[in-house]
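the amino acid sequence is not available; the structure is as follows:
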């Protein structure tokens with residue numbers, strides 16, 4: 001029975017890092033402000049972590065970004081102002097949804113272009129298959145000629 005407390009202690013020590021989450025405590029006046037904060041930090045990407053938002057990242061830069069979002073919210077900044085300030089500081093990479101402009105139009109249009117291209121390829125394959133079905137079968141003369149060519153080819157192969 002003495003092993004059980006020791007085992008539980010070891011288990012708690014080893015599982016501590018796995019349980020650790022981003023656990024900062026920010027005070028909000030209303031539930032709506034807290035939800036706004038959570039939405040903002042979930043829509044911003046960590047510059048250090050490749051594809052993780054700042055809400056889930058434990059990187060120091062993410063903590064700084066969360067602090068900055070909170071500070072700007074307390075100062076009364078709008079969502080656009082907060083995102084704009086972080087984009088100015090860290091670049092467009094921090095946005096999961098970049099704005100539509102001349103630089104990103106292809107990025108936004110690519111899914112539609114790929115879908116239309118896929119439909120055109122499928123339509124072309126179907127059209128060719130139907131066109132082949134409409135072709136008449138070989139005439140008796142063409143069939144005899146094809147058999148003659150095949151027979152002469154197999155004779156040449158047998159002679160080798």
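Done, it's in. Note that this is a predicted model, so its numbers are computed, not measured.

what sits up against stretch 62-73?
22, 24, 26, 33, 36-37, 40-41, 44, 46, 48-49, 54-55, 81-82, 85-86, 90, 94 (CB atoms under 8 Å, 6 or more residues apart in numbering). For the C-beta atoms, the positions are set from N, CA and C on the backbone; glycine is no exception.

kindly recompute the last result at 10 Å.
Contact with stretch 62-73 is made by 22, 24, 26-28, 33-34, 36-37, 40-41, 44-49, 52-57, 59, 77-79, 81-83, 85-86, 89-90, 94, as judged by CB atoms under 10 Å, 6 or more residues apart in numbering.

please name the residues that touch the closest residue to residue 90 other than its chain neighbours.
Residue nearest to residue 90 in three dimensions, not counting chain neighbours: residue 47, with 4.9 Å by CB to CB, 6 or more residues apart in numbering. Shown in contact with residue 47 (CB under 10 Å, 6+ apart): 54, 57, 59, 61, 62, 65, 86, 89, 90, 91, 93, 94.

which ChimeraX command selects the buried ones in those residues?
The ChimeraX selection below is limited to those of the contacts of residue 47 classed as buried (16 or more other CB atoms under 10 Å):
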select :54,57,62,65,86,90,94
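
great, nothing more from me.
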